[in-house]
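J.: Based on what follows, work out the 3D shape:
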Amino acid sequence: MRYNKKMSEQICIFVALLGIMSCIAIYFAQQTEQYQNNFVFQQILFFVVGFGVCFLIAKSNMAFIRKHIIWFYSAAVLLLLGIVLKVPFAQEVNGATRWYRLGGFSLQPSELVKGIFVLVLAHFAAKYEKKPIKQLLIVGGLACPILWLLYKQPDLGTTIVYLVTMLTILLIANKSWKLIASLIFAGILSVSGFLFLLLNHMKWLEAIGFKKYQFARIFTWLDPASDPNGAYQVNLSLKAVGSGMLTGRNGNMYIPESHTDMIFSAIAHQFGFIGVSLLLIVFIFFIKILIETGLKMTKSFSSILFAGFAMCFAFNIFENIAMSIGLMPLTGIPLPFISYGGSSILGNMICIGIMLAVIRYDHEME
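T.: Numbers count the residues shown, from 1 in each chain. All right, here's what the predicted structure looks like:
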């Protein structure tokens, strides 16, 4: 029991450390005076609320949650469905409907249901681990509605994070090497097919729901000179990262959304290579702790769940940083625990709370 408490404490310490780094980064990012809000104070409030929610979830009975898991899954689907159907509280921003607007607060369901998504898939992956075909069908069948609802918002970046998380859970949970090889082959074939259609039959992709602006982002990423206006944000981000050099630059450089999606560029500009390296080291140790904790769990459900969360956070971090330095197209993905945003912080803290609850009840679960 003492050992489990130590693992929980290590996770909380790194989350708190990331929270401190977030507030420092946002303080410097908002000096460009793009907005008049005090984002640092609001971010502190988000973390306080987030830790409170995390504490409540950590004290919950995971055995009870697993017994009624289908109700949590249904709630997640309904939250996302309301966005797609554009119910009265749904809010559209820049052509995408991804938020609920309640009074003066906005909530992004795709961030809030992330923990439920991993929890549900890990539960059923462990339940049917001795029946690989049935496991694949059930896990895939449960994931597809959520992936489709995310894609229809449209939110391709988040959809990719969820998809990679699902594939990780299947690969970790499945004991059939033939099935694993088939999944890898299917993934390679799908990416190759998408690229072929993108370059030769774009209208076919539009027919199945892809948007022209998504193609524009991809082509601008491949050839920034082809659309200087489209590459404007990426070019500013690259300049900010490069100008930071070793120890950072005094003064602030204008970067659109520097306190949210592009906060990595603001950190690189303000604190240079040393600051970025420190941030990456903290992220690496955080993911390392999640992986090590998962390996030391006694039940397959717990190990699968930690693997899912580790990949979810790791790929999210990679995607945000990659788009900031031009290695991936812009997707509007926040940097976990660092970017400003109540939904992002609350969603991540829900994930942490679920993991702490699983650590606590690992030896009691079936």
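J.: Sketch out the low-pLDDT regions of the stretch 1-150 of the chain for me.
T.: 1-4, 32-35, 93-96 (pLDDT under 70).
J.: Show me where it has its helices.
T.: 2-29, 39-58, 62-67, 69-84, 109-112, 114-127, 132-151 (DSSP state H, counting those that start in this stretch).
J.: Residue 262: which of the ones you listed is closest?
T.: With Cβ to Cβ as the criterion, residue 262 lies closest to helix 2-29 of these, at 8.6 Å. Placement of C-beta: from N, CA and C, glycine included.
J.: Against which helices or strands is that closest one packed?
T.: In terms of contacts (3 or more Cβ pairs under 8 Å, 6 or more residues apart in numbering; DSSP states H and E), helix 2-29 is packed against helix 39-58, helix 263-295, helix 342-361.
J.: Columns distance to residue 138 and mean neighbour count on top of the ones you listed, output as TSV?
T.: What follows is the helices and strands packed on helix 2-29, written out as TSV (distance: least, Cβ to Cβ, whole Å; neighbours: other Cβ atoms under 10 Å):
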stretch	distance to residue 138	mean neighbour count
helix 39-58	25	17
helix 263-295	21	19
helix 342-361	20	23
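J.: Rebuild the ones you listed as a markdown table, extending it with distance to residue 332.
T.: As requested, the helices and strands packed on helix 2-29 are exported to a markdown table (distance: least, Cβ to Cβ, whole Å):
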| stretch | distance to residue 332 |
| --- | --- |
| helix 39-58 | 18 |
| helix 263-295 | 13 |
| helix 342-361 | 11 |
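J.: what's the closest of those to residue 76?
T.: Nearest of these to residue 76, taken as Cβ to Cβ: helix 342-361 at 11.2 Å.
J.: so the closest one versus helix 2-29, what angle?
T.: In terms of direction (axes from the mean of the first three to the mean of the last three Cα atoms, to 10 degrees), helix 342-361 departs from helix 2-29 by 170 degrees.
J.: Can you give me the neighbour number for residue 240?
T.: Neighbour count for residue 240, taken as other Cβ atoms under 10 Å: 24.
J.: Ok, residue 144 next?
T.: Applying other Cβ under 10 Å, we find 12 residues neighbouring residue 144.
J.: I'd like the numbering to begin with 94 instead of 1 from here.
T.: Will do, 94 is the new start, and the previous item becomes residue 237.
J.: Enumerate every residue touching it.
T.: Contact analysis of residue 237 by Cβ atoms under 8 Å, 6 or more residues apart in numbering lists nothing.
J.: what separates it from residue 347, distance-wise?
T.: 41 Å (Cβ to Cβ, to the nearest Å).
J.: Now do whichever strand or helix holds residue 403 and helix 356-388, the angle between them.
T.: Per DSSP states H and E: residue 403 is located in helix 393-417. With the same axes, to 10 degrees defining the directions, helix 393-417 sits at 160 degrees from helix 356-388.
J.: Now find how far off-centre helix 393-417 is within its chain.
T.: Here helix 393-417 is found 7 Å from its chain centre; the criterion is Cα atoms, centre = their mean, to the nearest Å.
J.: Can you list the helices and strands that that helix packs against?
T.: By 3+ Cβ pairs under 8 Å, 6+ apart, helix 393-417 packs against helix 207-220, helix 249-266, helix 325-336, helix 356-388, helix 435-454.
J.: Any idea which of the ones you listed has the lowest pLDDT on average?
T.: Here these differ in mean pLDDT, and the lowest is helix 325-336 at a mean of 82.
J.: So which elements touch that one?
T.: Here helix 325-336 touches helix 356-388, helix 393-417, going by 3+ Cβ pairs under 8 Å, 6+ apart.
J.: for that helix, which positions count as buried?
T.: 326-327, 329-331, 333-334 (16 or more other Cβ atoms under 10 Å).
J.: Give me the neighbour count for the closest residue to residue 259 other than its chain neighbours.
T.: Spatial nearest neighbour of residue 259, chain neighbours left out: residue 236 (4.5 Å); criterion: Cβ to Cβ, 6 or more residues apart in numbering. A count of nearby residues for residue 236, using other Cβ under 10 Å, gives 21.
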